[in-house]
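> build me a model from this:
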Amino acid sequence: MTEFTSDIKTISHNNADVFRVLSDLSKLDLIKDQIPEDKIKDFKFDSDSCSFRVDPIGEVRFNVVEREPNKLVKFKSENLPFDVFLWIQLVQKAEKDTKMKITLRADLNPFVKGMVSKPLKEGLAKISDVIASLPYDKIV
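Here you go, the predicted model:
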């Protein structure tokens, strides 16, 4: 397995609010028009999954496979020629100071790894930027 991690992002909300939104992706419907199209395109979701287009990878779908209240949401990919696991880890440092890190593990053969490593790293950075900037206090 090849592993990629995002930079640690600071979210100016408590971990319970962040977890509440990220563990039920249907809540993102309230703010989907605020997600920048240059970062993530064709964003669709329900309570247990989300799909989006990240160039040049194409459409990616993730299903929630594990939830640990206020700490972790783990996803598994669909629509990819290889398995991808992605988890979002949350650690609250203060009332409105939650640290977030996203880890992605992919089962890549050496040939595919050379082709997709850079797009996966860029996609992970875009996703972490979007997640860190969401208005969690306005998402009910």
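> and D7, backbone torsions?
The phi and psi values for D7, taken as degrees, to the nearest 10, are phi -70, psi 160.
> quick check: pLDDT value at it.
pLDDT, the model's per-residue confidence, is 96 for D7.
> count the neighbours of it for me.
Look at D7: counted by other CB atoms under 10 Å, it has 12 neighbours. C-beta here means a position set from N, CA and C on the backbone, and glycine is covered the same way.
> now the most centrally placed residue in the chain: closest residue in space, sequence neighbours ignored.
Centroid check for the chain by CA atoms, centre = their mean gives I127 as the closest residue, at 5.3 Å. With sequence-adjacent residues excluded and distances taken as CB to CB, 6 or more residues apart in numbering, I127 is closest to I102, at 6.5 Å.
> for that neighbour, give its distance to I139.
Using CB to CB, to the nearest Å, I102 is found at 19 Å from I139.
> low-scoring pLDDT stretches of this protein, where are they?
Along the chain, the parts satisfying pLDDT under 70 run over 31, 34-40, 54-57.
> on that earlier part again, comparing I102 and I139, which shows the higher neighbour count?
Per other CB under 10 Å, whichever of I102 and I139 has more neighbours is I102, with 22 against 17.
> N14 against T98, yeah?
Yes: between N14 and T98 a contact is recorded at 6.3 Å, counting by CB atoms under 8 Å.
> more crowded one of these two?
With neighbours defined as other CB under 10 Å, N14 and T98 compare such that T98 has more, 24 against 19.
> helix, strand, or coil at that one?
When the structure is split into helix, strand and coil by DSSP: H, G, I helix; E, B strand; the rest coil, T98 lands in strand.
> pull the contacting residues for it.
Listed by CB atoms under 8 Å, 6 or more residues apart in numbering, the contact set of T98 reads T10, I11, H13, N14, N15, V18, L90, V91, Q92.
> biggest helix in this protein, by residue count?
helix 110-133 (DSSP state H).
> for that one, which residues meet the burial criterion?
In terms of neighbour count (16 or more other CB atoms under 10 Å), helix 110-133 has its buried residues at V116, L120, G123, L124, A125, K126, I127, S128, V130, I131, A132.
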